[in-house]
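Novice: take this sequence and fold it.
(2 chains)
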Amino acid sequence: MNPNTLAKAYEPHAVEDRWLRAWDDAGAFRADPASPGEAFSIVIPPPNVTGSLHIGHALNNTLQDVLARYHRMNGHNVLWVPGTDHAGIATQNVVERQLAAEGTSREDLGREAFIERVWTWKAESGGRILAQLRRLGASCDFSRERFTMDDGLSRAVREVFVRLFEEGLIYRGNYIINWCPRCRTALSALEVEREERAGHLWHLRYPFADGSGAVSVATTRPETMLGDTAVAVHPDDERYTARVGARVVLPIVGREIAIVADPVVSREFGTGAVKVTPAHDFNDFELGLRHGLDVVRVLDLDAKMTAEAGAYHGLDRYEARKRVVADLDALGALERVEDYKLGVGVCYRCKTVVEPMVSKQWFVKTGPLAERALAAVKDGRTHIIPVQWEKTYYEWMENIRDWCISRQIWWGHQIPAWTCEGCGELIVSRRDPTSCPKCGGVKLTRETDVLDTWFSSALWPFSTLGWPDQTPDLTRYYPTTVLVTAFDILFFWVARMMMMGLHFMGEVPFRDVYIHALVRDAEGQKMSKSKGNVVDPLEVMSRFGTDALRFTLTALAAQGRDIKLAEERIEGYRHFMNKLWNAARFCYLHLDRVGEVPPGSSAALTLADRWILSRLQNATESIRASIEAFRFNDAALRVYSFVWSEFCDWYIELAKHDLAHDAPDERRATARAVLARVLGDILKLAHPFMPFITEELWSAMPGQGGFLTHAPFPRVEAERVDRTAEDTMETLIEIVKRIRDVRAQLGVSPRMATEVQVVTHDAERAERLARDSEVLRRSVAISELAIVPEGGRPAGAVTSVVGSVTVHVGIGEGADIAAIRERLGKDLATARVDHDHHARKLGNEGFVARAPEDVVEKERAGLAGALERIERIEAMLGILEESGL
RNA sequence: AGGCGCGUAGCUCAGGGGGAGAGCGCUGCCUUGACACGGCAGAGGUCACGGGUUCAAAUCCCGUCGUGCCUACCA
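Specialist: The predicted structure follows:
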């Protein structure tokens, strides 16, 4: 591409397409375990295979990409594994909805045909999200793409299941679980969300069997009373101690049930007596186990009443509730009803109210696994960043419950367990068994349940690398370096990967876990389709360009805080892309021939050269440090401020004169070299954040070859750091700003040249400023310039005092005395505020005695400076008085 | 009920013991040979409130108020 024909404004689309293809064709992000370099590996949090990219994915993957590209440019051996998960319940739901629309169902199809149908749907829509990730610029090694249901991963799942079973860490049994009657499957505790809903608290009266009155109990689910098998009270509750062991008659049902004593009962709540329904309540189930209570199931898998419910058999749970309440009322067993708000459990997929239900399920015994997962974070083998999440992780791990892993759906890894019809033996096996090892029988029935999707995701960091085989990838890249994820799957996923990784690999799955924010809308609301406030990243990319979206997300990604995404912000950063584009365009107009940058001390370098090169070191250092500390926003904002406020606003403007046709050749050559050097480093520093525009500009840069994405990330060159140059330049910038300010306030046209006199009492400083007074001449229109250690106010000048210098700006007749006084008065007020501030501190004996010497010294210098400024301003005002103005 | 955050410029947010920062917005001026997706300049803040620690608090501690989220078996 001819650099002189770069478009006037940055047009992202063609550029993005071109580089996506170029990187892909070159295999730019392919990892090779045999290559040298410290390993840097990331496994992607696998999105749902049938999903599509939302803004959370965009953030998550942008951050991973920043890390991947940064480390790749640092010569590390980078592997970023992409892939998707099969999202059992969600995907099955989608396909079932399709079938329903066609007037059929999965039951009509049968298991095999249904699964085939899901694979067809997966083939259609699957991979779309990976294409979208590519578009985002994610530098994954797409040749290593994995899917939780592919052959390799399925083998890992089976191996893990069998081993855990053999070790007694997987068991099957009748326990209470959460049941979603719509999805018709068991759910783990994590898959149930709490929703506050308005309900009622019904107070029921259960009469004693001996006719001596009644006990009152309160419930939010009166229909479950049909399954009550006890009433419980606290053992120390004096109101009831005499009644423990007594029997009450369950209204409607007529069953006699006992009053039992158990410390879980709260004496304060309600009447202090609670009905016990072991089949349909977690607490009651536990309590039932302790007291050997009967388990009476009154709700079936569709949340309809069972035959146990007698007259209510077949009724939906809510219909049954109404009838039961009415019937109790008729019997006089309903004491009262009060409004009550309660937290109900709903299915995280379909929001249907779940029913606690006793059923035969498979569980992972988490205790022993959690212990090691807890220890690994406590002893620092894995760091969670930001650290405050560690506490949340600990709390969960310490209170972990066994994990229900069986799901009564079809889409997923079918549990490798068989029951022998002959002898009832349970067979769990790596290979499908043909006969029963116990009795030799050949009639074996396979378990129909599949595993929780998170069971396979838990293996992701090693299953994607080839486990259970000892592959080169596994050896080279496990443990992975860092996991980047949002906090909402800390328990679902991160905790479980920790448990499985430690158990099967003997090592943590990742050294660092970086937890990033949730993206919310501009009002701070969680984005959701139903609210209609979702920001579609694909649409944003189309409108503003991918780099602008990426840059916005990283610039807002401060640790420990949610991101509120407003469109104006994205637009603002699109302008930044354009700014960089045009800065480069300007540079390329001059960069036909580029030589070496002279060494730091060289006389060939101007003050501006030395300054920008020194600031470049500062930017390089802070960008590096920020990325390594996962402070993405700091890194992005430093890129922004260096490019815009330092390089464009000052260096380019000053360099224009050095590049002019009438400038001496060697001056032009040096300026070109510095320009090229700084721009080149800017492109490298910015590349992890905005890969497309930087790669494009790099390719247009004269004398550069190869991919920017493979170029070395800049390192700090200590010999380029020049504090004196920075200080001098800063002072000159201050002076320029002051002159402009004075002129702007007085309405002097920018084109009108004025006299300027700068007075500084430090002779060495005066000399330094004078040596580089070009900076002033180039920045403001000046007719005559003097920089002197001594001097009075020239006639017709407005004076301003800044730092250690006094600036007189001659404006001739326009310099009315009021303006001069106003200007000086403003400076005097500022100086006095400063003076008082320093004086107050130094007047404090404790401060002088206890504060560190350098801090006190700084205050003294500040006070002296302020005093000196006040003197100068007052002298100036005195002169005005004397001259009778 | 516990736990974790947050409250800083009109808006969105950084910062986190030693003179209050950015972007956007706002007000003036500028069609200056990279860029009007631009330039120059400016206005704007008791850092929620009350205590405490400290020589020094926006920053650390305690409390209050407001606000958000997470966890939990008060039926």
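Novice: how's chain A carved up into domains?
Specialist: Domain ranges of chain A: A:185-356, A:415-447, A:546-721, A:734-882, per automatic domain parsing.
Novice: looking at those domains, which one is packed in the most?
Specialist: The highest mean neighbour count among the domains of chain A, using mean count of other C-beta atoms under 10 Å, belongs to domain A:546-721: a mean of 19. Every residue, glycine included, has its C-beta placed from N, CA and C.
Novice: how long is that one end to end?
Specialist: 34 Å (C-alpha to C-alpha, to the nearest Å).
Novice: check whether stretch A:324-337 comes near RNA strand B.
Specialist: No: under the criterion of C-beta under 7 Å from any atom of the strand, RNA strand B is not reached by stretch A:324-337; the shortest gap measures 13.1 Å.
Novice: what's the mean pLDDT across that stretch?
Specialist: Averaging pLDDT along stretch A:324-337 yields 89.
Novice: who's in contact with that stretch?
Specialist: Residues from elsewhere that reach stretch A:324-337 (C-beta atoms under 8 Å, 6 or more residues apart in numbering): A:200-207, A:216, A:222-223, A:225-226, A:251-252, A:312.
Novice: pick the one among these closest to RNA strand B.
Specialist: RNA strand B lies nearest to residue A:201 out of the contacts of stretch A:324-337, by C-beta to the nearest atom of the strand, at 7.0 Å.
Novice: ok, that closest one - contacts?
Specialist: A:218, A:219, A:220, A:270, A:337, A:338, A:339, A:340.
Novice: tell me the secondary structure at the residue lying closest to it once chain neighbours are set aside.
Specialist: Nearest non-adjacent residue to residue A:201, counting by C-beta to C-beta, 6 or more residues apart in numbering: residue A:340, 4.0 Å away. Secondary structure, DSSP: H, G, I helix; E, B strand; the rest coil: residue A:340 is strand.
Novice: was I right about residue A:340 contacting residue A:219?
Specialist: No: the pair residue A:340 / residue A:219 is not scored as a contact, 10.2 Å apart, by C-beta atoms under 8 Å.
Novice: mind checking how far the lengthiest strand in chain A is from the chain centre?
Specialist: If you go by DSSP state E, chain A has its longest strand at strand A:192-207. Averaging C-alpha positions (C-alpha atoms, centre = their mean, to the nearest Å) puts strand A:192-207 37 Å from its chain's average.
Novice: who does that strand pair up with?
Specialist: strand A:214-219 (antiparallel), strand A:334-347 (antiparallel) (DSSP bridges).
Novice: now render those as a markdown table, adding distance to residue A:620.
Specialist: Output for these, formatted as a markdown table (distance: least, C-beta to C-beta, whole Å):
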| stretch | distance to residue A:620 |
| --- | --- |
| strand A:214-219 | 67 |
| strand A:334-347 | 51 |
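Novice: looking at the ones you listed, which has the lowest confidence?
Specialist: Mean pLDDT is lowest for strand A:334-347 among these, at a mean of 85.
Novice: before we move on, the earlier item: how about the strands paired with strand A:192-207, which one is nearest residue A:169?
Specialist: Among these, the nearest to residue A:169 by C-beta to C-beta is strand A:334-347 (26.6 Å).
Novice: and the closest one, how far out from the chain middle?
Specialist: How far strand A:334-347 lies from its chain's middle: 37 Å, per C-alpha atoms, centre = their mean.
Novice: list the contacts of the residue nearest the centre of chain A.
Specialist: Centre of chain A computed as the mean C-alpha position; nearest residue by C-alpha atoms, centre = their mean is residue A:516, 2.2 Å away. Contacts of residue A:516 were listed using C-beta under 8 Å, 6+ apart, and they are A:59, A:60, A:63, A:484, A:485, A:486, A:557.
Novice: show me what it is bridged to.
Specialist: Per DSSP bridges, the residues bridged to residue A:516 are residue A:486.
Novice: quick one, phi psi at residue A:254?
Specialist: Main-chain dihedrals, residue A:254, degrees, to the nearest 10: phi 90, psi 0.
Novice: and it, how far from RNA strand B?
Specialist: Using C-beta to the nearest atom of the strand, to the nearest Å, we find residue A:254 at a distance of 21 Å from RNA strand B.
Novice: pretty sure residue A:625 is in a helix, no?
Specialist: Yes: looking at residue A:625 with three-state DSSP, it is inside a helix.
Novice: so what's it up against?
Specialist: Applying C-beta under 8 Å, 6+ apart, we find residue A:625 in contact with residue A:631.
Novice: need the pLDDT of it.
Specialist: According to the model, residue A:625 scores 91 on pLDDT.
Novice: ok, now how distant is it from residue A:147?
Specialist: If you measure residue A:625 against residue A:147 using C-beta to C-beta, to the nearest Å, the figure is 38 Å.
Novice: how about residue A:418?
Specialist: As judged by C-beta to C-beta, residue A:418 and residue A:147 stand 26 Å apart.
Novice: show me how far stretch A:662-674 is from its chain's centre.
Specialist: Relative to its chain's centre, stretch A:662-674 lies at 46 Å (C-alpha atoms, centre = their mean).
Novice: before we move on, back to that, as a markdown table, the contacts of residue A:201 with distance to residue A:504 would be great.
Specialist: Conversion of those to a markdown table gives the following (distance: C-beta to C-beta, whole Å):
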| residue | distance to residue A:504 |
| --- | --- |
| A:218 | 48 |
| A:219 | 45 |
| A:220 | 43 |
| A:270 | 48 |
| A:337 | 54 |
| A:338 | 52 |
| A:339 | 51 |
| A:340 | 47 |
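Novice: hmm, back to that, which two among the contacts of residue A:516 are spaced furthest apart?
Specialist: Farthest-apart pair in these is A:485 and A:557; separation 13.1 Å (C-beta to C-beta).
Novice: would you mind writing the CA trace of stretch A:232-252 as PDB?
Specialist: Extracted in PDB, the C-alpha atoms of stretch A:232-252 (Å, rounded to 0.1, in the frame of the first residue of the first chain):
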ATOM      1  CA  ALA A 232     -41.200 -30.400  64.400                       C
ATOM      2  CA  VAL A 233     -40.400 -28.100  67.400                       C
ATOM      3  CA  HIS A 234     -37.200 -27.000  69.000                       C
ATOM      4  CA  PRO A 235     -36.200 -29.400  71.900                       C
ATOM      5  CA  ASP A 236     -35.800 -26.500  74.300                       C
ATOM      6  CA  ASP A 237     -39.000 -24.800  73.500                       C
ATOM      7  CA  GLU A 238     -41.000 -25.000  76.700                       C
ATOM      8  CA  ARG A 239     -44.300 -24.400  75.000                       C
ATOM      9  CA  TYR A 240     -43.900 -27.800  73.300                       C
ATOM     10  CA  THR A 241     -41.600 -30.000  75.400                       C
ATOM     11  CA  ALA A 242     -44.500 -31.800  77.000                       C
ATOM     12  CA  ARG A 243     -45.900 -32.500  73.500                       C
ATOM     13  CA  VAL A 244     -42.900 -34.000  71.900                       C
ATOM     14  CA  GLY A 245     -43.800 -37.500  70.900                       C
ATOM     15  CA  ALA A 246     -47.500 -36.700  70.900                       C
ATOM     16  CA  ARG A 247     -49.400 -37.300  67.700                       C
ATOM     17  CA  VAL A 248     -51.500 -35.000  65.600                       C
ATOM     18  CA  VAL A 249     -54.000 -35.700  62.900                       C
ATOM     19  CA  LEU A 250     -53.200 -34.300  59.500                       C
ATOM     20  CA  PRO A 251     -56.400 -32.500  58.300                       C
ATOM     21  CA  ILE A 252     -58.000 -33.700  55.100                       C
END
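Novice: touching it from outside, list them.
Specialist: A:204-210, A:214-215, A:225-226, A:228, A:231, A:255-267, A:272-274, A:276, A:287, A:310, A:324, A:327-328, A:331, A:333.
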